[in-house]
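1. Can you look at this prediction? I've put the sequence above it.
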Amino acid sequence: MRFLNTLFFICLALCLHAQQVSIIPEPVSLKVNKGIFAISKSTPLVVTDKGDELSAAFLNDYLETIYGFRLAITSKASLKGITLVTRKFVKAPDADSYELKSTATGVKIEGDTYAGTFHGIQTLIQLLPTVKQATLAIPAVEIKDAPRFAYRGMMLDVSRHFFPVPMVKKFIDYLALHKLNRFHWHLTDDQGWRIEIKKYPRLTEVGGFRNGTITGKHPGTGNTNERYGGFYTQEQIKEVVKYASDRFVTVVPEIEMPGHGSAAIAAYPELSCFPEVPTIRYFPAKGTWGGDSTGKQVMQAWGVLDDVFCAGKENTFTFLQDVLTEVIPLFPSQLIHVGGDECPKKNWEKCPNCQKRMKENNLKDEHELQSYFVQRMEKFINSHGRTLIGWDEILEGGLAPNAVVMSWRGEKGGIEAAKLKHKVVMTPTTYFYFDYKQVEKEDSLTIGGNLPLEKVYSYEPYPAELTADEAKLITGVQANLWTEYITKPEKIEYMVFPRMEALSEIAWSAKDKKNWAKFESKLPKQYQRYDLWGANYHKYYYDLKVKGTAK
Ligand code: TNX
């Protein structure tokens, strides 16, 4: 028996040596040594610091879900197990760095913060075999690693289509597994208000549901004629925020204003410049609207609507401040997102209240009125000790003094903001809109645009136009998943995988470690992980490069 065991391990060691260590995102330094370490259910997990219990729990949950066993946690030092240590002395610029060393006797992960140790766990997970086994052999390695950017995010739109808590948690797990640390939660939009606000119950009772949804490409070929919607209670929000924080992911909430607010307007028409005017609907083809079509309605098609929050009436500000008064305590995030994108000025031009406000405040056009709007919200957010972040339209008419800019219409807004000494998150459509198709001949309905994996991977977040000092204001990157054409959890996975791999290397890996050929060679292993997770993914790249069969 002993002999057989030895033979088994020699065999494993040989196999592992031949097999490439495949870690995404690529670490700063990686050395593969001879030998293996075998993890089984009798391997102790040594945790002496309470702060590392979250990392231990994540590893154990992963082992249990994928391989069917957990490790016993002990505070007794042992050379034979997996040891977690957090040194807690290094701060920026290396914050969240870690080292991982595995030898024939054990594994040691040392982080400079608890998050660093947690990232080390993610690397350990990627050393595990991609098939279910009782004994998990990992290669002997020495890894030193640290993130390139502090803000490493993904956005999920839960307004256009609603995703219940379990899927949101799964999404957060996917972020954590990729060393991403910001979950931008797009909670409100024209097609549904998704967060319970106790002072304004109609926001979710009325604004959380629509009477139908277009079918086919916008503006639609028909309608489902089914009531559709949902929302998160504040208790569920707290549950998700804790779940994310246990994975070192910060949830950045977004409450859209002054545009994309018509679900709230359907609930409280007085928030509109023209409460009596019915919602303008798209009727290009008969039957593209479902159910009641009178008065203000929650939108059933996509796009940009003229019916925005009135910037003239004082009650709009009272309402939004009341909403934020409930939202802010739910989210420990320093950044609070107020949208700011795609706000047509048509209503404001005609609205006596908006025009009066412009006159009184010497605002020369409606862009300055939008800037006034955002600056008032910023003052309120700042008074709660938080920082406002918004889409790059918040630059128009003058940027609020402390605002962070999320640059989506290319990099222009990001460059302009950095030159004005504001912090920036880069999320240009041309590289980071994961609602775009992944291949020219996509067989699934998507919003349009073609964003193949190679294109995502080619992104460099520091624009050539910026000086080194200005570039420091680029705090990170984010990919966005708008869900007009994403109705099911499997489609979320189909759209984000494998592009999330590319995002994670842009966000985490050192610039000189980014290498397309190397990245490509690591993909087959990653596809095996998707299978192991039971996750769906876009197979085009797999078929083409791994099986050689894509048409
Ligand atoms: C633009 S990006 C939008 C969203 C859409 C998306 C579709 C941004 C700030 N606004 O409302 O869902 O395009 O790709």
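-> Yep, it's here.
2. what sits against the residue of the stretch 351-500 of the chain at minimum distance from the ligand?
-> Residue of the stretch 351-500 of the chain nearest the ligand, by CB to the nearest ligand atom: W482 (3.4 Å). In this view, the C-beta of every residue, glycine as well, is placed from N, C-alpha and C. The contact partners of W482, taken as CB atoms under 8 Å, 6 or more residues apart in numbering, are 157, 160, 186, 433, 435, 447.
3. Considering only the residues you listed, which also neighbour the ligand?
-> Taking CB under 6 Å from any ligand atom as the test, the ligand is in contact with 433, 435, 447 out of the contacts of W482.
4. How is the nearest residue to D52 once chain neighbours are set aside assigned, secondary-structure-wise?
-> Leaving aside its sequence neighbours, D52 sits nearest to L84 (CB to CB, 6 or more residues apart in numbering; 4.3 Å). With DSSP: H, G, I helix; E, B strand; the rest coil as the basis, L84 sits in strand.
5. if we can go back for a sec, do you know how far the residue of the stretch 351-500 of the chain closest to the ligand is from F162?
-> Applying CB to CB, to the nearest Å, the value for W482 to F162 is 14 Å.
6. And for A301?
-> Taken as CB to CB, the span from A301 to F162 is 16 Å.
7. thinking L127 is in contact with I143, fair?
-> No: applying CB atoms under 8 Å as the test, L127 and I143 come out as separate, 9.2 Å apart.
8. Now the common contact residues for those two.
-> The contact sets of L127 and I143 overlap at I23 (CB under 8 Å, 6+ apart).
9. pretty sure I381 is in a helix, no?
-> Yes: looking at I381 with three-state DSSP, it is inside a helix.
10. Need the nearest residue in space to the most centrally placed residue in the chain, chain neighbours excluded.
-> Centroid check for the chain by CA atoms, centre = their mean gives M154 as the closest residue, at 1.8 Å. Nearest residue to M154, sequence neighbours excluded (CB to CB, 6+ apart): A479, at 5.2 Å.
11. How many residues are close by the one you found?
-> By the measure other CB atoms under 10 Å, the count of residues near A479 is 28.
12. and it, that one's in a helix?
-> No: applying three-state DSSP, one finds A479 to be strand, outside a helix.
13. Correct me if wrong: it contacts F497.
-> No: in this structure A479 lies outside contact range of F497 using CB under 8 Å: 11.7 Å.
14. returning to that earlier point: can you pick out the most distant pair from the contacts of W482?
-> Across the contacts of W482, the longest distance by CB to CB is 14.7 Å; it joins H186 and I447.
15. Show me what from the stretch 251-400 of the chain comes close to the ligand.
-> Within the stretch 251-400 of the chain, the positions near the ligand by CB under 6 Å from any ligand atom are 341-342, 391.
16. Could you list which of the residues you listed belong to strands?
-> Among these, the ones falling in strands (DSSP state E) are W391.
17. For ChimeraX, what selects the buried ones among the residues of the stretch 251-400 of the chain next to the ligand?
-> Buried residues within those, by 16 or more other CB atoms under 10 Å, are selected in ChimeraX with:
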select :341,342,391
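18. As CSV, the residues of the stretch 251-400 of the chain next to the ligand with pLDDT and distance to K522 would be great.
-> Putting those into CSV (pLDDT from 0 to 100; distance: CB to CB, whole Å) gives the following:
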residue, pLDDT, distance to K522
D341, 96, 35
E342, 96, 37
W391, 97, 33
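19. Quick one: residues contacting the residue in the stretch 201-350 of the chain that the ligand sits nearest to.
-> Relative to the ligand, the nearest point of the stretch 201-350 of the chain is D341 (3.5 Å; CB to the nearest ligand atom). Residues near D341 by CB under 8 Å, 6+ apart: 256, 259-260, 390-393, 408.
20. Give me the buried entries from the residues you listed.
-> Those of the contacts of D341 that meet the buried threshold are 256, 259-260, 390-393, 408, by 16+ other CB under 10 Å.
21. that older thread, ok, H186 and I447, which is more surrounded?
-> Taking other CB under 10 Å, H186 and I447 do not tie; H186 has more neighbours (24 against 16).
22. just the CA coordinates of the helix or strand containing F58, formatted as CSV?
-> Under the criterion of DSSP states H and E, F58 resides in helix 53-67. Extracted in CSV, the C-alpha atoms of helix 53-67 (Å, rounded to 0.1, in the frame of the first residue of the first chain):
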residue,chain,number,x,y,z
GLU,A,53,-10.8,33.4,9.3
LEU,A,54,-12.6,34.9,6.3
SER,A,55,-9.9,33.6,4.0
ALA,A,56,-10.0,30.2,5.7
ALA,A,57,-13.7,30.1,5.4
PHE,A,58,-13.6,30.9,1.7
LEU,A,59,-11.0,28.2,1.0
ASN,A,60,-13.1,25.6,3.0
ASP,A,61,-16.3,26.6,1.2
TYR,A,62,-14.5,26.2,-2.1
LEU,A,63,-13.0,22.9,-1.2
GLU,A,64,-16.3,21.6,0.0
THR,A,65,-18.4,22.8,-3.0
ILE,A,66,-15.9,21.6,-5.6
TYR,A,67,-14.1,18.6,-4.0
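23. Any buried residues in that helix, and which?
-> For helix 53-67, using 16+ other CB under 10 Å, the buried residues are 54-60, 62-63, 66-67.
24. Could you check which residue of the stretch 51-200 of the chain lies nearest the ligand?
-> Of all residues in the stretch 51-200 of the chain, D157 sits closest to the ligand, at 6.2 Å by CB to the nearest ligand atom.
25. Can you report how many residues neighbour the residue nearest to D52?
-> Per other CB under 10 Å, the neighbour tally for L84 reads 29.
26. got a list of what it touches?
-> So L84 contacts 45-47, 49, 52, 55-56, 109, 111, 117, 120-121 (CB under 8 Å, 6+ apart).
27. right, and G153 touches N480 too?
-> No: assessed by CB under 8 Å, G153 is found out of contact with N480, at 9.0 Å.
28. More neighbours: the two, which one.
-> Each of G153 and N480 has its neighbours counted (other CB under 10 Å); G153 has more, 27 against 21.
29. From the contact counts, what lies against the strand or helix carrying the more buried one?
-> If you go by DSSP H and E, G153 is part of strand 151-157. Counting contacts by 3 or more CB pairs under 8 Å, 6 or more residues apart in numbering; DSSP states H and E, strand 151-157 is packed against helix 165-177, strand 182-186, strand 474-481, helix 499-508.
30. Just the residues contacting the longest one, thanks.
-> Taking CB under 8 Å, 6+ apart as the criterion, the residues outside helix 165-177 that touch it are 58, 118, 122, 125, 154, 156, 158, 163, 181-183, 185, 232, 236, 239-240, 243-244, 247-249, 489, 492, 496, 500, 535.
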